[in-house]
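Asker: Based on what follows, work out the 3D shape:
(one chain, ligands or ions: 2)
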Amino acid sequence: MRLLYDQASVRVPATSANLGPGFDAFGLAHRIHDVVHVRATTGATAVEVTGEGAGEVPDGETHLVVRALRAGLEYAGAPQAGLHLRCVNAIPHGRGMGSSAGAVVAGLVAARALIGDPDALADGAVLELATEFEGHPDNAAPALLGGATIAWMGPEARAARIEVHPEIAATVLIPTERLATHRARAALPRTVAHADAAFNAGRAGLLTLALTSRPDLIMAATEDRLHQDHRADAMMASVALVHRLRERGLPAVISGAGPSVLVLADVGPELEAELAGRWRVLHPRIDRDGAQILAR
Ligand SMILES: Nc1ncnc2c1ncn2[C@@H]1O[C@H](COP(=O)(O)OP(=O)(O)OP(=O)(O)O)[C@@H](O)[C@H]1O
Ligand SMILES: N[C@@H](CCO)C(=O)O
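Answerer: Ligands and ions are numbered 1, 2, ... in the order given. Now for the predicted structure:
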């Protein structure tokens, strides 16, 4: 196996995991993108970042996109090279918008682009490798496939896409503070009550129905008892906002591990004005394309 191309550009969407009851399983891709331009070189690896993460993330071999790209080349049996990366990032870091999964999927799809043989690093392999980086597949699946996805872990990570009903919209409320996923996961209880597990299983089934054909069921379908309230101490304002919005009839959930809030509906200008200042309000459309090779 050799590298057929010496440069490529790829794009990956931001993602919201969980969507309420679908902890570690459901995910949704947004039209907010990171773009990575990569060039194989004979020199040392270098990374330039503009936008989110600039001046914060590493600029060499330990950069997450570089690590994932190298894992992809290794999996495919392709040769390693020096890498020059230019990252133009719009996905905020540490906000529950899938930045780390986006970086990993970008690196793996960039490896696929350089190799030039899609079968050498097919979607199944990308999802499996991304899940090894992430520990769970719920952000990587929509980042790779676009739309809404349900992911699950067996002997290997798997995912299926679900077609989202045109009446389902997404509003994202992003605070300035960050919460690392590992901290949010540390806040979860080791065991849960059977009644809560049964509650979420039913609501997650309902969520598939609401997202695809019964948007009228979205309020009940986004109720959760497994993770959001357990994490309240780590993101008090976000969990309080979810409850406040739900009392007003809006299907609000914590986006991924938080602290961003996702509303699976449009919010009107009045509410947007009320939230402005404390929350950055975005109305991304759903990304139905997933990771894309833009050029090579
Ligand atoms: N584009 C990127 N390039 C390099 N490193 C990144 C990039 N995006 C994320 N990271 C790394 O991942 C960290 C954030 O990962 P973390 O899992 O805590 O949050 P998240 O992925 O934004 O949220 P969530 O998983 O809840 O959606 C960053 O602090 C940075 O170290
Ligand atoms: N399902 C994950 C998503 C964040 O990576 C969590 O809530 O911890």
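
Asker: Every contact and neighbour count from this point should use C-alpha atoms.
Answerer: Noted.

Asker: Pretty sure Arg185 sits against Gly258.
Answerer: No - contact between Arg185 and Gly258 fails when scored by CA atoms under 8 Å: they sit 10.4 Å apart.

Asker: Those two: who's more crowded?
Answerer: Set Arg185 next to Gly258 and count neighbours by other CA atoms under 10 Å: Gly258 wins out with 30 against 13.

Asker: quick one: the helices in the chain?
Answerer: Secondary structure of the chain by DSSP state H: the helices cover 64-76, 99-115, 123-134, 140-145, 181-186, 194-212, 218-221, 236-247, 269-275.

Asker: Out of the ones you listed, which is the most enclosed?
Answerer: helix 140-145 (a mean of 34; mean count of other CA atoms under 10 Å).

Asker: List, one by one, the residues from the stretch 101-250 of the chain near ligand 1.
Answerer: 101, 103, 180-181 (CA under 6 Å from any ligand atom).

Asker: any low-confidence regions in the stretch 1-150 of the chain?
Answerer: Scanning the stretch 1-150 of the chain for pLDDT under 70 picks out no residues.

Asker: Now Pro175: closest residue in space, sequence neighbours ignored.
Answerer: Among residues not flanking Pro175 along the chain, Trp279 sits closest, at 4.8 Å (CA to CA, 6 or more residues apart in numbering).

Asker: and the gap between the one you found and ligand 2?
Answerer: In this view, Trp279 and ligand 2 are 20 Å apart by CA to the nearest ligand atom, to the nearest Å.

Asker: do Ala170 as well
Answerer: Counting by CA to the nearest ligand atom - Ala170 and ligand 2 are separated by 17 Å.

Asker: cool, Gly43 as well?
Answerer: Counting by CA to the nearest ligand atom - Gly43 and ligand 2 are separated by 34 Å.

Asker: That residue contacts Gly82, correct?
Answerer: Yes - Gly43 is in contact with Gly82 according to CA under 8 Å; the separation is 5.3 Å.

Asker: Angles on the backbone of the residue nearest to Pro175, please.
Answerer: Backbone torsions of Trp279, given as degrees, to the nearest 10, read phi -130, psi 140.

Asker: Distance of it relative to Ala54?
Answerer: Relative to Ala54, Trp279 is positioned 21 Å away (CA to CA, to the nearest Å).

Asker: So for these two, which residue has more residues nearby?
Answerer: Trp279 (18 against 14).

Asker: Go ahead and confirm the more buried one touches Ile174.
Answerer: Yes - using CA under 8 Å, Trp279 is in contact with Ile174, at 5.3 Å.

Asker: And the residues of the stretch 101-250 of the chain next to ligand 1, which is closest to Val65?
Answerer: Using CA to CA, Ala103 comes nearest to Val65 of those, at 5.1 Å.
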